[in-house]
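*Asks:* Have a look at this fold, sequence not included:
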């Protein structure tokens, strides 16, 4: 009997081949075995170019979505290519032979292969640093001798995203030195009003050509503050004269939980969202222009896609790419059937509450094809509602605001006291801001918390030390991200819990680079409810010796909390070190651990170079160097490879 061979891509001399089969048995855990030898036609563009015989015992895997049986791991593809004398193009999608009518043996734990697009094909990434391959590649990223990166993609085009847009001004831009326009000296008693007055005075100054008003300099000494400090104007910097004991120290006094320095919110007593908060995370909805994305599938890592109507779009526009969360997607993840916990508090995921809004800028338009500045980090699949592009969305943020070169402490009454300073610096609603050279001590929740309303934030060279709180849920999230396009660089923690942590429904990309945690009382990683597109690059986490502490995990947290479920997707651990690691693959997505070291490494995610360092040493640095050049990378990261 004759069946059809699908050839998708050629990689060097090896062809990854997918064969549509019938007559299989033993289809347990997706794997089956060919019962008898079977002849297959080699069909290219509908023309039979040759044939191949698969031997009895050939292993097959069932892919439920396509209702096909697909051969995997065919190891003699080079010999086959030589025997048939075929010239296979670099990327060749072919149509199955009309004779192919495979039988179906469905499996509930399947990995889909691409369907033929019902609409336009996805626009290709034009980058010359990318090579697409099919199947499960040997290396998802390969460092070439000339410094280029070659990216592998799965059969749907999903690849490891480019994280180099993370950080201030979209990455690769040095943090500026803003001139001082007001100074403050230490005072007896509460200094809050004195500092706030100086901030308000600078806030009233005109913006300069670079978008800054000026810096408020706090001279060396101690400043006690019983309330909060707010910055609600563009271009204002709060600067001290050192984060050590001889520098500038701000102390949160009194017995009230609060965020001490609040960026972009006039509200009093701003507190972090609860880890079990199931409400939407600040996504925008009102817009002046909306158009559907017409591609049947836009893969992870893509920067191009097609829209139904581009008439309301312009190069340079800030837009939102919306990825919906319909019921069939939630069901595919199993998040409508999360096991209930003992107290009955688990909340099943609800349609429409897990939409992701990727904030992007249009860099090119060609007809109805849109190119954006940073990649999509969760595939837009017509099966699960596709996606839309929004333009004209009002963004209520402050811009070009920074906190730098100072420390913060909190008064407390006993080692488990929780009525005191909770977050040192909260970036509530800010675009293109930063926190650098800052140390917090004794704050119960975070040194820096970046809320969902913030974009393109850099947090660098900061320390979160010895929080005071109970050691339990909802405490000690040392550096927490809820925004997107953010970079946490060279930061350190001690005695935290979830030290470098992603909160719910964060659209990504985001990156933690060259960070370390000691005496961790829990794990690092995405914490709950589908944050996507995160890089942990050379992050080192060590615990307090208790089981499960000091790990880096990307996993289904199931009924933890009130139903954390799948915590993260399309996330990368790159050359990380921890006491343990769990990396799992969620349905419809992937997670990667490459070049990592840990005492235990578990999970069905993609693992590569276990126990040995991968190249490049830093993925973020390599990606940034390729996009903007080594000089730009060195200006942000310092001299490196």
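*Replies:* All right, it came through fine. Owing to the predicted nature of the structure, the values given are computational and were not obtained by experimental measurement. Numbers count the residues shown, from 1 in each chain.
*Asks:* Okay, helices next: where are they in this structure?
*Replies:* 77-84, 192-203, 327-333, 619-628, 630-637 (DSSP state H).
*Asks:* export these to CSV and tack on distance to residue 295 and mean neighbour count?
*Replies:* For every residue, glycine as well, the C-beta is placed using N, CA and C. Formatted as CSV, the helices of the chain follow (distance: least, CB to CB, whole Å; neighbours: other CB atoms under 10 Å):
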stretch, distance to residue 295, mean neighbour count
helix 77-84, 30, 13
helix 192-203, 44, 18
helix 327-333, 17, 17
helix 619-628, 24, 24
helix 630-637, 31, 18
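*Asks:* To residue 556, which of the ones you listed lies closest?
*Replies:* helix 327-333 (8.6 Å; CB to CB).
*Asks:* Can you flag the weakest of the helices of the chain by average pLDDT?
*Replies:* Lowest mean pLDDT within the helices of the chain: helix 77-84, at a mean of 33.
*Asks:* Show me the domain layout of this protein.
*Replies:* Here the domain assignment for the chain is 2-84, 207-264+400-637, based on automatic domain parsing.
*Asks:* circling back: want to try TSV for the helices of the chain, with distance to residue 416 as columns?
*Replies:* TSV is the format used below for the helices of the chain (distance: least, CB to CB, whole Å):
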stretch	distance to residue 416
helix 77-84	62
helix 192-203	27
helix 327-333	37
helix 619-628	37
helix 630-637	39
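*Asks:* Residue 420 is nearest to which of the ones you listed?
*Replies:* helix 192-203 (15.6 Å).
*Asks:* other SSEs contacting the closest one?
*Replies:* Contact partners of helix 192-203 among helices and strands, from 3 or more CB pairs under 8 Å, 6 or more residues apart in numbering; DSSP states H and E: strand 180-184, strand 214-218, strand 221-225, strand 229-231, strand 236-239.
*Asks:* Can you give the contact residues for it?
*Replies:* Helix 192-203 is contacted from outside by 181-184, 187, 213-216, 218, 223-233, 236, 238, using CB atoms under 8 Å, 6 or more residues apart in numbering.
*Asks:* The same query, at a cut-off of 6 Å, please.
*Replies:* 181-182, 184, 187, 213-214, 216, 225, 227, 229, 231, 233, 236 (CB atoms under 6 Å, 6 or more residues apart in numbering).
*Asks:* Of the helices and strands packed on helix 192-203, which is nearest residue 156?
*Replies:* strand 229-231 (43.9 Å).
*Asks:* returning to that earlier point: can you say which of the helices of the chain is nearest to residue 430?
*Replies:* That would be helix 192-203 among the helices of the chain, by CB to CB, at 14.1 Å.
*Asks:* Residue 601: neighbour count?
*Replies:* 18 (other CB atoms under 10 Å).
*Asks:* That one pairs with what?
*Replies:* residue 581 (DSSP bridges).
*Asks:* Tell me how far it lies from residue 156.
*Replies:* 26 Å (CB to CB, to the nearest Å).
*Asks:* Same question for residue 343.
*Replies:* 40 Å.
*Asks:* These two - which one has more neighbours?
*Replies:* residue 156 (19 against 8).
*Asks:* looking at the domains of the chain, which has the lowest confidence?
*Replies:* It's domain 2-84: among these, that one has the lowest mean pLDDT, namely a mean of 42.
*Asks:* re the thing from before, for residue 554, which of the helices of the chain is the nearest?
*Replies:* helix 327-333 (14.4 Å).
*Asks:* ok now that closest one, how far from the chain's centre?
*Replies:* 21 Å (CA atoms, centre = their mean, to the nearest Å).
*Asks:* what's in contact with that helix?
*Replies:* 336, 349, 351, 384, 566, 587.
*Asks:* Pull out the buried residues from those residues.
*Replies:* Using 16 or more other CB atoms under 10 Å as the burial test, the contacts of helix 327-333 include 349, 351, 384, 566, 587 as buried.
*Asks:* and which of the residues you listed is nearest residue 313?
*Replies:* Once CB to CB is applied, the member of these that ends up nearest residue 313 is residue 384, at 23.8 Å.
*Asks:* count of residues packed around the closest residue to residue 340 other than its chain neighbours?
*Replies:* If the residues on either side of it in the chain are set aside, residue 340 comes closest to residue 346, at 4.9 Å by CB to CB, 6 or more residues apart in numbering. By other CB under 10 Å, the residues close to residue 346 number 18.
*Asks:* How about residue 210?
*Replies:* Neighbours around residue 210, by other CB under 10 Å: 9.
*Asks:* if you skip the residues just before and after it, what's nearest to it?
*Replies:* Residue 210 sits nearest to residue 176 (CB to CB, 6+ apart), 7.0 Å away.
*Asks:* Let me see the contact set for the residue nearest to residue 467 when sequence neighbours are not counted.
*Replies:* Nearest non-adjacent residue to residue 467, counting by CB to CB, 6+ apart: residue 476, 4.8 Å away. Applying CB under 6 Å, 6+ apart, we find residue 476 in contact with 467, 496-497.
*Asks:* out of those residues, who's nearest residue 445?
*Replies:* residue 467 (7.3 Å).
*Asks:* Tell me the one among the contacts of helix 192-203 nearest to residue 427.
*Replies:* Closest to residue 427, out of all of the contacts of helix 192-203 and judged by CB to CB, is residue 231, at 10.0 Å.
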